[in-house]
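*Asks:* this one's structure only:
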């Protein structure tokens, strides 16, 4: 069972509602006003947090035409890393205003730093917790630097082997920093058959931390299933409209879809409930339609109770079915009309 930690304004972990993050990423498409609109839309759709990413092309990679730096397949095929990050980055001069807008509308604000300079920048803004992306899972020096700030960390584990995840967890725990792991399939979009959501349970059992899902699949089935399996956080890419071209649009959710996902997650949480054998009000009303022992043929005083003149049928006004063998072969103490529920005072 994972430990409970506080991220942003809320607690995350066992017994707490799932914490839902709307990942803006590149969906602002270079437009500050659209970024503001996304923050408002995320709040309206029921997200607990809106997330951005803090980097520049030069903090991520170098500007080079060498083949090493070209994307060979997938959503961003044939682009260079530098050109991709130039299109996708959120300008640092926006950060403070975006953070203030999130506070104004009442939604948590989070960012993923990708190098030490971006960590320092976010520290200067007063960032209260951090997200580390799957692609930085093996960057232990960066993870250690973030952990040294003693702020809660949400760490995605996409592409990570068990030993790589273990190494990163050990670095964070060594710094006595609160942690939540996110199961992730780092494909864009991710295929459902590659998600292996049962791993959420294994991560919880193994590392004793809160665990969630960074979901790049299309639709909400992955997220809702993850919550049913115990996910404490759901992170999903969020846009105003997929027709607004940017590197993340094709696998992001539009507001009506995101709102529906949040509704389904909250409904799933209600259905999951707790371990309970308590009978609900609705069940109590229906208990009368269980089975019991009835007389199904007219019986005279002194007649034997048999399988021909008694049966276990609905409703439940007579003796419980578990007593059926006990009454067979016994005599009736009085005349009993067909359709009468059998009671002990009728049995000799």
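*Replies:* Noted; the coordinates are in hand. Worth saying up front: this structure is predicted, and the values here are computed from it rather than measured.
*Asks:* Tell me where the stretch 51-200 of the chain has helices.
*Replies:* Secondary structure of the stretch 51-200 of the chain (DSSP state H, counting those that start in this stretch): helices at 57-60, 81-88, 92-105, 116-125, 140-147, 162-174, 199-207.
*Asks:* what does the first one rub up against?
*Replies:* By CB atoms under 8 Å, 6 or more residues apart in numbering, the residues outside helix 57-60 that reach it are 63, 81-83, 85-86, 89, 114-115, 117-118. No exception for glycine: its C-beta is placed from N, CA and C like everyone else's.
*Asks:* cool, and the second one?
*Replies:* The set of residues that contact helix 81-88 without belonging to it, under CB under 8 Å, 6+ apart, is 25-26, 30, 53, 55-57, 60-64, 69-71, 76, 246-248.
*Asks:* likewise the fifth one?
*Replies:* Here helix 140-147 makes contact (CB under 8 Å, 6+ apart) with 113-116, 119, 130, 132, 136-137, 153, 155, 167-168, 171-172, 174-175, 177.
*Asks:* re the thing from before, would you turn the helices of the stretch 51-200 of the chain into CSV with mean neighbour count, distance to residue 261 and mean pLDDT?
*Replies:* Shown next, in CSV, are the helices of the stretch 51-200 of the chain (neighbours: other CB atoms under 10 Å; distance: least, CB to CB, whole Å; pLDDT from 0 to 100):
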stretch, mean neighbour count, distance to residue 261, mean pLDDT
helix 57-60, 17, 29, 97
helix 81-88, 18, 23, 94
helix 92-105, 15, 20, 98
helix 116-125, 16, 28, 98
helix 140-147, 19, 29, 98
helix 162-174, 16, 26, 98
helix 199-207, 18, 17, 97
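*Asks:* can the contacts of helix 57-60 go into a markdown table with extra columns for distance to residue 319?
*Replies:* Formatted as a markdown table, these follow (distance: CB to CB, whole Å):
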| residue | distance to residue 319 |
| --- | --- |
| 63 | 85 |
| 81 | 77 |
| 82 | 81 |
| 83 | 80 |
| 85 | 76 |
| 86 | 80 |
| 89 | 75 |
| 114 | 72 |
| 115 | 76 |
| 117 | 79 |
| 118 | 74 |
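*Asks:* so, if you compare the residues you listed, which one comes nearest to residue 315?
*Replies:* residue 114 (66.8 Å; CB to CB).
*Asks:* contacting residues around residue 150?
*Replies:* Neighbours of residue 150 in contact, by CB under 8 Å, 6+ apart: 175-177.
*Asks:* Tell me the one of these nearest residue 97?
*Replies:* Once CB to CB is applied, the member of the contacts of residue 150 that ends up nearest residue 97 is residue 177, at 28.3 Å.
*Asks:* The closest one: how many residues sit nearby?
*Replies:* Other residues near residue 177 come to 21 when the count uses other CB atoms under 10 Å.
*Asks:* Tell me how far it lies from residue 145.
*Replies:* Distance, residue 177 to residue 145, by CB to CB, to the nearest Å: 11 Å.
*Asks:* do residue 203 as well
*Replies:* The gap separating residue 203 from residue 145 is 23 Å, by CB to CB.
*Asks:* Residue 118 too?
*Replies:* According to CB to CB, residue 118 stands 10 Å off from residue 145.
*Asks:* One more: residue 129?
*Replies:* As judged by CB to CB, residue 129 and residue 145 stand 15 Å apart.
*Asks:* What score does residue 38 have for pLDDT?
*Replies:* Looking at residue 38, its pLDDT is 98.
*Asks:* meant to ask about residue 2, not that
*Replies:* 59.
*Asks:* Next, the spatially most central residue of the chain: secondary structure please.
*Replies:* Nearest to the mean C-alpha position of the chain, by CA atoms, centre = their mean, lies residue 227 at 3.5 Å. Classification of residue 227 by DSSP: H, G, I helix; E, B strand; the rest coil places it in helix.
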